[in-house]
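Novice: Need coordinates for the following:
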Amino acid sequence: MMRRVHIPGLAALCLALSTDTATAHSVGSPHSAFAWGWTALTFALLTVSAWAYRWGLRRLWRRAGTGAGVRRWQAAVFAVGWLWTAVALLSPLDQWGEELFSVHMLQHEILMLIAAPLIILGRPAVVFLWAFSVEARRGLGRFFAHPWWLAVWRPWTSPLGAWTTYAVVLWAWHVPFLFEAATVHDGIHTLQHVSFFGAALLFWWVFLDATHGRRRNGMAVLANFTTAIHSSLLGALFTFAPAAFYAPYLETTAYWGLTALEDQQLGGLIMWIPGGLVHLAAGLVAAARWIGPETGTDRLPERTGSGR
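Specialist: Alright, predicted model coming up:
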């Protein structure tokens, strides 16, 4: 059964690694308006994740009943989040983001504020676990229950750890020399996207997953409101700055009819207003959960430890 899980994924990854270097970006030479930004590695990872989720969900529902553990709407929401991830990484947005800071900002906002929370609502950890055989699931359970793993994992997944990680990643990658390095070097660009998406998945898992209980909802209110404040401050900094921060865009924005400063101001507004509103909305949802009556949805049935 394990072969069914890993062989398609390994084949896709091998294909990806053999062809990924052929899609390097080139700053300074405007891309076609319809140039797709996909790389084989990104395509392979998205394909493997979709396949693993479908396989795990099929196995879970066959064992526990349709809707058990993961409800139909949660599976649908995961699919929507997966599609937004594909739009952010495979569409021309990725290429346009090499030439326009505002599009680069839009791409990051899609990954962090749309795709990540939708994916988390789909409970991917539970479903991916069911993509493995029962023996493998037991082995993973022992691994994740080991004291050394818990000592590493718990600080990162605590409310303070998730909030701090998200804030540090968000601000650090906008320091000019780091952001410029990401626009020039593909490896750093990939690391930037992985860290943005990973920090967002961690943040939304800690503060959005209803299975963490009502007490966590109170922390989610504070986390979302404070994140709305500091991310809006960063957006305002881009909007009102007297000069453009990132040198690579000085050479590319004219092709799109914008100065580098105008492009930066537009990017700042994208982070400031839509980004802030998403966190405010999430905070209000958490507040409603916190003060509202028990609905029975805080704890979903778990049957991941046994059965094939």
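
Novice: Just want the most central residue of the protein.
Specialist: residue 197 (3.2 Å; Cα atoms, centre = their mean).

Novice: so who does it touch?
Specialist: Contact analysis of residue 197 by Cβ atoms under 8 Å, 6 or more residues apart in numbering lists 85, 111-112, 115-116. Backbone N, C-alpha and C define where each C-beta goes, glycine included.

Novice: Going by neighbour count, which residues in stretch 273-284 are buried?
Specialist: For stretch 273-284, the neighbour count (16 or more other Cβ atoms under 10 Å) marks 275-276, 278-280, 282-283 as buried.

Novice: Return the alpha-carbon coordinates of that stretch using PDB.
Specialist: The C-alpha coordinates for stretch 273-284 follow below in PDB (Å, rounded to 0.1, in the frame of the first residue of the first chain):
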ATOM      1  CA  ILE A 273      -6.300  47.400   3.300                       C
ATOM      2  CA  PRO A 274      -7.300  43.900   2.100                       C
ATOM      3  CA  GLY A 275      -4.600  42.300   4.300                       C
ATOM      4  CA  GLY A 276      -5.800  44.100   7.400                       C
ATOM      5  CA  LEU A 277      -9.400  43.400   6.600                       C
ATOM      6  CA  VAL A 278      -8.700  39.600   6.400                       C
ATOM      7  CA  HIS A 279      -7.200  39.600   9.900                       C
ATOM      8  CA  LEU A 280     -10.000  41.700  11.300                       C
ATOM      9  CA  ALA A 281     -12.600  39.400   9.900                       C
ATOM     10  CA  ALA A 282     -10.700  36.400  11.300                       C
ATOM     11  CA  GLY A 283     -10.600  38.100  14.700                       C
ATOM     12  CA  LEU A 284     -14.300  38.700  14.600                       C
END
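
Novice: what's the offset of that stretch from the middle of its chain?
Specialist: The chain centre lies 16 Å from the centre of stretch 273-284; the measure is Cα atoms, centre = their mean, to the nearest Å.

Novice: packing partners for the helix or strand where residue 171 lies?
Specialist: Using DSSP states H and E, residue 171 falls within helix 159-172. Where contact means 3 or more Cβ pairs under 8 Å, 6 or more residues apart in numbering; DSSP states H and E, helix 159-172 is packed against helix 147-157, helix 186-208, helix 214-240.
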